[in-house]
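J.: fold the following for me, if possible:
(one chain, ligands or ions: 1)
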Amino acid sequence: MSTCSVIEVPGICGSGTLICDDIVELVEAGKDIESAYWELVVKDIQDTCKLLELIYNETDGEDGHVSLAVSPKLANDTKGTIEAAKWLHNMVGSPCVYMKIPATDESISSMKEVISLGISVNATLIFCLPKYEAVIDAYLDGLESCGMTDLSKVSSAAAFYISRVDVTLDKKLEQIGTTEALDLKGKGAVAQAVLAYQLYQKKFSGPRWERLENRGAKKQRLMWASTNVKNPSYPDTFYVNSLIGPDTISTLPVQVLQAFMDHGILSRTLDAKVSEAQDIYNAIEKLGIDWSSVGSELEHEVLDSFTKSFDNVLECMQKKAMNIYSFQKHV
Ligand SMILES: O=C[C@H](O)COP(=O)(O)O
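T.: Here you go, the predicted structure:
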């Protein structure tokens, strides 16, 4: 199992006086709060890229990436996402940076364009197989229309969510309430992820892929997101243990990393029970649960929460800037 570094934007609200001073300085210089936010974020990401450049270079661009999300407010705006990704990529100016773009229908269209410009992408918020396939196709289409002769500097990760899928499925299975439905609780997310890996292997092999590989292209790595169990009755390493396979990335929140180091089982599980996974996937569908609808439900839910967090950060920065500014004026 290989791990790529994915660094999230820090919670500026909770940070110390130095950040507050920076905010005030930018506001005093005439920046509106959102421009000040992006300026601080770009600086943080540049500093993190410098830390990871060594890993990036040593692994020939396989690892050592830093992920920078475009504004969640652009999730349904294809052109806006393309422009934001180009601008942020240019501002950061490091090959380590991944532009993090959500897999909404509108943003999947923007991914193709962004990749064709040679910009690396972390495609996020993938909750179902049809969306995952569309993300892979955007990557392949983007690489095919990329003007660069050597494609080795462009790369991508596809963040497939796990535990949140079980939360939604489990609720639906409980509502159905039959013995068969209840037996399927806690099995759907891993089954779907196992099938996602099969899809990954199929799409990144064969003549179409080989033509790109001959131009130096890198496979888009499948990345497991949301790996911490949300249901406390499931073992804490359940998802990490179940999804170990070559060329994948596991995102590990600190408590999951500690649990895995303490009692995780390092063994190739991801393709050990493919037909069982297919049976589980079909059985859930047969009960009337539509996987794509589960995916869109989750996509809206998580995007809403990202947008709220983004607004909260801006609001919090605004308040801090105003408090400090008026305090400084009175001393
Ligand atoms: O990057 C996203 C996280 O992996 C999401 O995890 P979560 O579902 O526990 O919030």
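J.: quick check, the helix ranked longest in the chain touching the ligand?
T.: Counting by DSSP state H, the longest helix found in the chain is helix 291-330. No - Helix 291-330 is not in contact with the ligand by Cβ under 6 Å from any ligand atom; minimum separation 7.4 Å. In short, each C-beta sits where N, CA and C put it, glycine included.
J.: touching, residue 170 and residue 182? I think so.
T.: No - the pair formed by residue 170 and residue 182 falls short of the contact definition of Cβ atoms under 8 Å, at 9.4 Å.
J.: what about the two, which has more around it?
T.: residue 170 (21 against 12; other Cβ atoms under 10 Å).
J.: does the helix or strand where the more buried one lies reach the ligand?
T.: Residue 170 belongs to helix 163-176 when elements are defined using DSSP states H and E. Yes - judged by Cβ under 6 Å from any ligand atom, helix 163-176 comes into contact with the ligand at 163, 164.
J.: what about that helix, distance to the chain center?
T.: Distance of helix 163-176 from its chain centroid, counting by Cα atoms, centre = their mean, to the nearest Å, is 22 Å.
J.: try stretch 187-206
T.: Between the centre of stretch 187-206 and the centre of its chain there are 17 Å (Cα atoms, centre = their mean).
J.: for that stretch, what is the average pLDDT?
T.: Averaged across stretch 187-206, the pLDDT comes to 98.
J.: what residues does the stretch 101-250 of the chain have near the ligand?
T.: Counting by Cβ under 6 Å from any ligand atom, the residues of the stretch 101-250 of the chain that sit close to the ligand are 163, 164, 225, 226, 228.
J.: dump the residues you listed to TSV, plus pLDDT and neighbour count.
T.: Output for these, formatted as TSV (pLDDT from 0 to 100; neighbours: other Cβ atoms under 10 Å):
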residue	pLDDT	neighbour count
163	98	19
164	98	18
225	97	22
226	96	22
228	97	18
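J.: the nearest residue to residue 204 once chain neighbours are set aside: which element?
T.: Closest residue to residue 204 apart from its sequence neighbours, by Cβ to Cβ, 6 or more residues apart in numbering: residue 219 at 4.6 Å. Assigned by DSSP H and E, residue 219 belongs to no helix or strand.
J.: can we start the residue count at 784 from this point?
T.: New numbering, starting at 784: the last item is residue 1002.
J.: neighbours of residue 1002, how many?
T.: Neighbourhood size, residue 1002 [other Cβ under 10 Å]: 19.
J.: show me what the helix holding residue 953 is packed up against.
T.: Judged by 3 or more Cβ pairs under 8 Å, 6 or more residues apart in numbering; DSSP states H and E, helix 946-959 is in contact with helix 962-966, helix 971-986, helix 1074-1113.
J.: now the second one against helix 946-959, angle please.
T.: Think helix 971-986. Counting by axes from the mean of the first three to the mean of the last three Cα atoms, to 10 degrees, helix 971-986 lies at 130 degrees to helix 946-959.
J.: re earlier: closest to residue 938 out of the residues of the stretch 884-1033 of the chain next to the ligand?
T.: Closest approach to residue 938 among these (Cβ to Cβ): residue 1008, at 17.2 Å.
J.: just checking, that closest one touches residue 945?
T.: Yes - if you go by Cβ under 8 Å, residue 1008 and residue 945 touch, sitting 6.9 Å apart.
J.: what are the ranges of the helices in this structure?
T.: Taking DSSP H to define them, one finds helices in the chain at 800-811, 816-841, 861-875, 888-899, 912-927, 946-959, 962-966, 971-986, 990-996, 1021-1025, 1037-1046, 1057-1069, 1074-1113.
J.: worst mean pLDDT among these?
T.: Among the helices of the chain, helix 800-811 scores lowest, with a mean of 75.
J.: distance from the chain centre to that helix, please.
T.: Distance, stretch centre to chain centre, for helix 800-811: 29 Å (Cα atoms, centre = their mean).
J.: mind exporting the C-alpha coordinates of that helix to PDB?
T.: Coordinates of each C-alpha in helix 800-811 appear next as PDB, following Å, rounded to 0.1, in the frame of the first residue of the first chain:
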ATOM      1  CA  THR A 800      -2.100  35.700  16.200                       C
ATOM      2  CA  LEU A 801       0.300  35.400  13.300                       C
ATOM      3  CA  ILE A 802      -2.500  34.400  10.900                       C
ATOM      4  CA  CYS A 803      -4.700  37.100  12.400                       C
ATOM      5  CA  ASP A 804      -2.000  39.700  11.800                       C
ATOM      6  CA  ASP A 805      -1.700  38.500   8.200                       C
ATOM      7  CA  ILE A 806      -5.500  38.800   7.700                       C
ATOM      8  CA  VAL A 807      -5.500  42.400   9.100                       C
ATOM      9  CA  GLU A 808      -2.500  43.300   6.900                       C
ATOM     10  CA  LEU A 809      -4.300  42.000   3.800                       C
ATOM     11  CA  VAL A 810      -7.600  43.700   4.700                       C
ATOM     12  CA  GLU A 811      -5.700  47.000   5.400                       C
END
